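S.K.: need coordinates for the below:
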Amino acid sequence: MSSPSTQPFAMGEREFVAMMASLQALQALAIDAMLPALGVMSHDLGVDSANQRQLVIGIFLIASGLGSLFPGALADRFGRRPVLFVCVGGYVLFSLAAALAPTFNALLAMRACAGVLSSGMIVVSSATIRDRFSGDKMARTQSLVSVIFMIVPMAAPTLGQGLLELFGNWRWVFGIMAGLGAAVFTWAWLRLPETLHPEFRQAIDVRAIAGNMRVAFTTRAAIGYVFALALIQGALFGYINSSQQLVAEHFGAGHLFPLVFGGMAIAMAMANLTNSRIVMRFGARRVSHAAVIAYILLGATQLFFASGEGETIWQFIPIMTLNLCVMGFISANFSAIALQPFARIAGAAASLQVFLRMVIGSVLGALIGQAYDGSARPLALALVTAGVGCLLLVMYSERGKLFRRLHGQVEQA
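M.R.: Presented below is the predicted three-dimensional model:
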């Protein structure tokens with residue numbers, strides 16, 4: 001079977017990477033741009049609990065996870081383009097609706113709807129990348145996507161803060177989200193060709209879809225990586241949920257929050273860029289397995305400082321930044337390894353994998369965020385626990401053998 005990357009394609013690799021990154025970044029924008037506005041938003045809508053304001057992020061993440069179970073099967077049947085445009089268009093409409101929300105509950109409802117539809121952008125872009133590439137080349141491409149994707153966490157909090165200062169109203173944050181979504185919609189409509197191979201088109205049959213999902217769930221070489229990445233994402237979402245409280249309230253550096261958040265995103269982007277340069281040489285497994293061990297050691301260091309008295313922001317930031325950098329070596333490689341066996345059912349496999357990662361990760365992230373007790377201890381403990389669990393799950397998929405580099409992998413029909 002010829003590799004997807006050998007087929008003629010209407011756009012260059014740089015534009016393709018930029019477009020896939022932009023589609024995935026719309027979801028990140030819906031999370032990170034909110035962070036500076038959470039306090040003002042909750043005050044304006046009559047929310048008193050500091051932890052309750054986290055629901056603006058947590059509900060979106062949980063809905064994204066739940067919504068990701070279906071777009072892949074639809075994209076395997078109808079093609080990538082139709083499903084993608086329904087999802088991006090819905091993201092734009094519900095972002096506008098959130099800007100007009102009169103109550104906190106209405107805002108959460110609009111966030112849930114936007115989250116469900118945003119999941120399709122992640123699923124379909126992942127399947128599109130798999131349509132074109134496989135193996136370490138896919139891991140390299142996903143790393144390059146992540147480099148551009150990380151620009152959003154860099155800029156989003158600053159953007160949100162700037163909109164608050166310029167207009168004095170948090171509703172403009174949702175308006176900008178809708179506008180950027182409309183721009184990406186137009187770009188993809190004009191430039192993105194259909195990437196689903198005609199011979200891979202799947203029927204809309206409940207038993208066939210369930211069978212594809214079962215294959216994706218029971219493939220040992222993939223499923224351990226899916227659950228492992230879910231744990232890592234859970235720790236990341238836990239940090240995102242509690243980051244504003246940690247930096248602004250616990251460490252008393254609210255004025256530095258956009259810089260801290262953006263600086264960490266820059267470091268994470270550089271890690272993904274480095275990964276894209278070394279993964280073809282060393283292999284996705286070797287790089288990511290070493291990163292998991294480093295992640296555990298950094299989490300233990302963070303827990304040591306958080307458990308002591310008088311932890312400072314200058315102890316917290318460098319270690320957390322390194323932890324996020326290591327995550328950059330884990331996420332793209334784990335995603336590529338997990339999706340590698342499924343060329344013919346890439347959409348269904350991507351849906352199941354994103355569903356598991358997002359649901360588990362968002363629920364864990366919400367629990368970690370709600371466990372915030374005025375210190376960094378709950379987050380640090382979550383980092384260590386996620387790292388150890390991740391290592392055990394990877395060993396399950398690899399049958400106890402780490403740091404292997406596999407060649408000539410057989411794709412799942």
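S.K.: just the helices in the stretch 251-400 of the chain please.
M.R.: Using DSSP state H, counting those that start in this stretch, the helices of the stretch 251-400 of the chain run over 257-282, 284-307, 313-339, 346-370, 377-397.
S.K.: show me what the second one is packed against.
M.R.: Right, the one you point to is helix 284-307. Judged by 3 or more C-beta pairs under 8 Å, 6 or more residues apart in numbering; DSSP states H and E, the packing partners of helix 284-307 are helix 135-149, helix 257-282, helix 313-339, helix 377-397. Where C-beta positions appear, they are placed from N, C-alpha and C, glycine not excepted.
S.K.: just the pLDDT for Ile296.
M.R.: Note on Ile296: pLDDT of 96.
S.K.: now do it against Gly310, distance only.
M.R.: Look at Ile296 and Gly310: by C-beta to C-beta, to the nearest Å, they are 25 Å apart.
S.K.: cool, Leu303 as well?
M.R.: Distance from Leu303 to Gly310, by C-beta to C-beta: 15 Å.
S.K.: over to Met19?
M.R.: Distance from Met19 to Gly310, counting by C-beta to C-beta: 47 Å.
S.K.: okay, the helices of the stretch 251-400 of the chain in JSON lines with mean neighbour count and distance to Gly238 next?
M.R.: As requested, the helices of the stretch 251-400 of the chain are exported to JSON lines (neighbours: other C-beta atoms under 10 Å; distance: least, C-beta to C-beta, whole Å):
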{"stretch": "helix 257-282", "mean neighbour count": "19", "distance to Gly238": "14"}
{"stretch": "helix 284-307", "mean neighbour count": "20", "distance to Gly238": "12"}
{"stretch": "helix 313-339", "mean neighbour count": "23", "distance to Gly238": "12"}
{"stretch": "helix 346-370", "mean neighbour count": "25", "distance to Gly238": "3"}
{"stretch": "helix 377-397", "mean neighbour count": "21", "distance to Gly238": "5"}
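S.K.: of these, which is nearest Gly72?
M.R.: Counting by C-beta to C-beta, Gly72 lies closest to helix 346-370 out of the helices of the stretch 251-400 of the chain; the figure is 2.7 Å.
S.K.: quick one: the helices in the stretch 101-250 of the chain?
M.R.: Taking DSSP H, counting those that start in this stretch as the test, the helices found in the stretch 101-250 of the chain are 104-132, 135-149, 151-167, 171-191, 206-218, 220-244.
S.K.: out of those, the one nearest Ala380 is which?
M.R.: helix 220-244 (9.8 Å).
S.K.: where does the stretch 251-400 of the chain dip in pLDDT?
M.R.: 254 (pLDDT under 70).
S.K.: of Met19 and Gly310, which one has the most company?
M.R.: Between Met19 and Gly310, Met19 has the larger neighbour count (other C-beta atoms under 10 Å), namely 20 against 6.
S.K.: quick one: the more buried one from Ala37, how far?
M.R.: Taking C-beta to C-beta, one finds Met19 at 28 Å from Ala37.
S.K.: Phe261 too?
M.R.: Using C-beta to C-beta, one gets 13 Å for the distance from Phe261 to Ala37.
S.K.: give the contact list for Ala68.
M.R.: Small correction: residue 68 is Ser, not Ala. Ser68 is in contact with 119-120, 122-123, 351, 354-355, 358, counting by C-beta atoms under 8 Å, 6 or more residues apart in numbering.
S.K.: hmm, I was thinking of Ala336
M.R.: Contacts of Ala336 were listed using C-beta under 8 Å, 6+ apart, and they are 135-136, 138-139, 142, 284.
S.K.: same question for Ile293.
M.R.: Here Ile293 is in contact with Leu391 (criterion: C-beta under 8 Å, 6+ apart).
S.K.: mind redoing it with 10 Å?
M.R.: 326, 387, 391, 402 (C-beta atoms under 10 Å, 6 or more residues apart in numbering).
S.K.: over to Val184?
M.R.: Contact partners of Val184, counting by C-beta under 10 Å, 6+ apart, are 19, 22-23, 25-26, 88, 91-92, 121.
S.K.: mean confidence (pLDDT) on stretch 152-162, please.
M.R.: Across stretch 152-162, pLDDT averages out at 74.
S.K.: kindly report the same for stretch 191-207.
M.R.: Mean predicted confidence for stretch 191-207 is 81.
S.K.: before we move on, the earlier item: mind checking which of the helices and strands packed on helix 284-307 is nearest Ile57?
M.R.: helix 257-282 (13.0 Å).
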